[in-house]
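Participant: sequence first, predicted model second:
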Amino acid sequence: MYVNISGRVHTVDSHGKMLKEVTCENCQIEFVYILERRAKGIGFSPYCLDDEGAAQRAAAASVNRLRKWLAQGFDIVPCPSCGHYQEYMIPWLRGDHRIGLWKTAVAMLYAAAVLAIVTVMIMIQPNYRGYTGLWLLCAALIMVMAARRPLRSWAMRNGTECRDFARDTPRES
Ligand SMILES: [Zn+2]
């Protein structure tokens, strides 16, 4: 996909599978399942001057992300022998963790928006001087960056990316 603004955005999709080993906490049996993930990487070529570099950055970002998601991710699978769900899967099974991450991200973005509004109100004062506005703007930016982390782990665990992958990959192949 190419988007022309003042440059070109390159996107690369990587997908992969990994065997995950689990030792059941309940019956101590070892079992494996296949974890599948798909990750997108983006590279930007300013004024279309660095298309090759942008394509490489996109590919590297998508591979790095995929590697991380495969290494750290897991699916919610019951033990094939006793049906037990492992302790770390249970918050996800109940949806608590997902809702928690989502709420954290929304709260951070909300706080950032409030800060940005306060900043603008301070900076448009006729007698405004100094760097207060800049500091507040930095704080808002940090909050937006911080909100990316819970959003990302939310996506990593349960995002559209793995659902898409499951949909467009024939199961029997
Ligand atoms: Zn078990």
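Facilitator: That came through, no problem.

Participant: show residues contacting stretch 54-68.
Facilitator: Contacts to stretch 54-68, defined as CB atoms under 8 Å, 6 or more residues apart in numbering, come from residues 8-16, 37-45, 156. For every residue, glycine as well, the C-beta is placed using N, CA and C.

Participant: hmm, try it at 10 Å
Facilitator: 7-16, 18, 37-46, 48, 50, 73, 152, 156, 161 (CB atoms under 10 Å, 6 or more residues apart in numbering).

Participant: would you mind giving the domain segments of this structure?
Facilitator: 1-84, 95-173 (automatic domain parsing).

Participant: least reliable of those domains by average pLDDT, please.
Facilitator: Comparing mean pLDDT across those, the weakest is domain 95-173, with a mean of 72.

Participant: and the helices in this structure?
Facilitator: Applying DSSP state H to the chain gives helices spanning 51-72, 90-94, 96-123, 132-158, 160-168.

Participant: now render those helices as CSV, adding distance to the ion and mean neighbour count.
Facilitator: Below are the helices of the chain laid out as CSV (distance: least, CB to the ion, whole Å; neighbours: other CB atoms under 10 Å):
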stretch, distance to the ion, mean neighbour count
helix 51-72, 23, 17
helix 90-94, 14, 13
helix 96-123, 22, 15
helix 132-158, 22, 16
helix 160-168, 24, 13
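
Participant: ok, residues contacting stretch 111-126?
Facilitator: 128, 130, 132-147.

Participant: correction: the previous question concerned stretch 21-37.
Facilitator: Contacts for stretch 21-37 (CB under 10 Å, 6+ apart): 14-20, 65-71, 73-75, 77-89, 156, 159, 161-162, 165-166, 169.

Participant: for the residue most central in space within the chain, give me its contacts.
Facilitator: Closest to where the C-alpha atoms of the chain average out (CA atoms, centre = their mean) is Arg152, at 2.1 Å. By CB under 10 Å, 6+ apart, the contact set of Arg152 is Arg65, Lys68, Trp69, Leu101, Ala105, Gly159.

Participant: Leu8 bridge partners, please.
Facilitator: Slight slip there: residue 8 is Arg, not Leu. Counting by DSSP bridges, Arg8 forms beta bridges with Asn4, Ser45.
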